[in-house]
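Chemist: Just need the structure, nothing else, for what follows:
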Amino acid sequence: MSFSINGRIVVSSNNDGSFANVTLTSASANVVVSAIPVVLAVFQGSVSGYTSGGTVSGYPGNTNDIDKFPFASDSNATDVGDLTIVRGDLAGQSSSVSGYTSGGISDSGNSNVIDKFPFASDSNATDVGDLTEGRYGPTGQSSGTHGYTSGGGNYNTIDKFPFASDANATDVGDLTLGRYAPAGQSSTVSGYTTGSESNAIDKFSFASDANATDVGDLTVGRDKAAGQSSTVSGYTSGSYNTIDKFPFASDANATDVGDLTEDRMFLTGQSSTVSGYTTGGSSNVIDKFPFASDANATDVGDLTLGRYNPAGQQH
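Modeler: Alright, predicted model coming up:
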């Protein structure tokens, strides 16, 4: 896609939103002065957040519901589609055009399914590939070109699958330790896996397939928390009501920068360009906190149903 401003700046991107060319033209003629490739941050959305799958307390157990809520206004979520199977304890990823869920546990056991659903229309997901192994409780990260599924159960595996085509995942590295239900964050160049009965912050590169390294600590060890990402910082929220923040520019420990509206765990996260969101857990609450300042979260709406261990996506 592309757009221009006053005939002088043209921005074009790949269909997966991975790279864009910013082309500057002269004022008198359509002559290219320079073309600058830039990376688009697909780990943030400007339109909507999504909460998919999860486990509902009591009957009917796992759900396949895909909820959507707007970023532009504070309001409740609506049910806009279904995953291909009911499952909880799953990971979420986002390209510029689609949401993905991977792994989890279904009524028949551990799942290796990678589901994809479109952002352009409200519709059901399709099965587009498999992880290298079925596992419950992984987390997700997103680069401009690929989705990553890390951890889960006692596994330390980092799986990678492409956004440009529907294909199976490949094993591209290991976390520093196996971990169940950690939180996931993404910068433009690295994926992060945080928490899971540990305070470790793991980082792995998007540019090359390699193992993760331990680059810092959360303020407290916690599991089953949610992850959010601004362009400069990663956030780990919940499992306690604490919101931790750590920098992307340097390898450093996290700091406590605010609180959720209630103490809850088994939740997931979404990221807009200006705010972090936590959804699910022991309630149906949608919490929002700002990236621009360190502050507590506010309750801005409800999911269609409370659910544990869902996946989060954003568009």
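Chemist: For stretch 119-126, measure first residue to last.
Modeler: Chord length of stretch 119-126, first to last residue, is 13 Å (CA to CA, to the nearest Å).
Chemist: Would you tell me which strand is longest in the chain?
Modeler: strand 213-222 (DSSP state E).
Chemist: Next, report how far that one is displaced from the centre of its chain.
Modeler: 19 Å (CA atoms, centre = their mean, to the nearest Å).
Chemist: Quick check: buried residues in it?
Modeler: 215, 216, 217, 218, 219, 222 (16 or more other CB atoms under 10 Å). Glycine gets a C-beta too; all of them are placed from N, C-alpha and C.
Chemist: Confidence-wise, which of those residues comes last?
Modeler: Among these, residue 222 carries the weakest pLDDT, at 86.
Chemist: ok, it touching residue 236?
Modeler: Yes: counting by CB atoms under 8 Å, residue 222 touches residue 236, with 7.4 Å between them.
Chemist: what do those two both touch?
Modeler: Residues touching both residue 222 and residue 236 by CB atoms under 8 Å, 6 or more residues apart in numbering: residue 195.
Chemist: Mind putting the buried residues of strand 213-222 into JSON lines with distance to residue 129?
Modeler: Output for those, formatted as JSON lines (distance: CB to CB, whole Å):
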{"residue": "215", "distance to residue 129": "30"}
{"residue": "216", "distance to residue 129": "32"}
{"residue": "217", "distance to residue 129": "34"}
{"residue": "218", "distance to residue 129": "32"}
{"residue": "219", "distance to residue 129": "37"}
{"residue": "222", "distance to residue 129": "31"}
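Chemist: just these now: which is nearest residue 157?
Modeler: Closest approach to residue 157 among the buried residues of strand 213-222 (CB to CB): residue 215, at 19.2 Å.
Chemist: Report the contact partners of the nearest residue to that closest one once chain neighbours are set aside.
Modeler: In space, and not counting its chain neighbours, residue 215 is closest to residue 251: 3.6 Å by CB to CB, 6 or more residues apart in numbering. Residue 251 sits next to 203, 215, 216 when contact means CB under 8 Å, 6+ apart.
Chemist: and residue 84, what is it in contact with?
Modeler: Shown in contact with residue 84 (CB under 8 Å, 6+ apart): 64, 113, 115, 124, 125, 126, 127.
Chemist: ok, now with 6 Å
Modeler: 115, 125, 127 (CB atoms under 6 Å, 6 or more residues apart in numbering).
Chemist: rewinding a little: parallel or antiparallel, which strands does the longest strand of the chain pair with?
Modeler: Strand 213-222 has the following strand partners under DSSP bridges: strand 198-205 (antiparallel).
Chemist: if we can go back for a sec, following the longest strand of the chain, which helix or strand comes up?
Modeler: strand 226-229 (DSSP states H and E).
Chemist: report the angle between the axes of the next helix or strand after that following strand and strand 213-222?
Modeler: Sequence order places strand 233-237 as the next helix or strand after strand 226-229, per DSSP H and E. Strand 233-237 and strand 213-222 are oriented at 30 degrees to each other (axes from the mean of the first three to the mean of the last three CA atoms, to 10 degrees).
Chemist: Packing partners of strand 233-237?
Modeler: Contact here means 3 or more CB pairs under 6 Å, 6 or more residues apart in numbering; DSSP states H and E; on that basis strand 233-237 packs against strand 226-229, strand 242-247.
Chemist: Below-threshold pLDDT in the stretch 101-250 of the chain: ranges please.
Modeler: Scanning the stretch 101-250 of the chain for pLDDT under 70 picks out nothing.
Chemist: Helices of that one, residue ranges please.
Modeler: In the stretch 101-250 of the chain, no helices are defined using DSSP state H, counting those that start in this stretch.
Chemist: ok, back up a step: redo the contacts of residue 251 as a markdown table? Include distance to residue 257.
Modeler: Below are the contacts of residue 251 laid out as a markdown table (distance: CB to CB, whole Å):
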| residue | distance to residue 257 |
| --- | --- |
| 203 | 20 |
| 215 | 18 |
| 216 | 15 |
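Chemist: of all these, which comes closest to residue 307?
Modeler: Closest approach to residue 307 among those (CB to CB): residue 203, at 29.2 Å.
Chemist: still on that earlier bit, quick one: which of the contacts of residue 84 is nearest residue 209?
Modeler: The closest of these, once distances to residue 209 are taken by CB to CB, is residue 115, at 23.5 Å.
Chemist: My guess is that closest one contacts residue 124. True?
Modeler: No: here residue 115 does not reach residue 124: they are 9.2 Å apart, not a contact under CB atoms under 6 Å.
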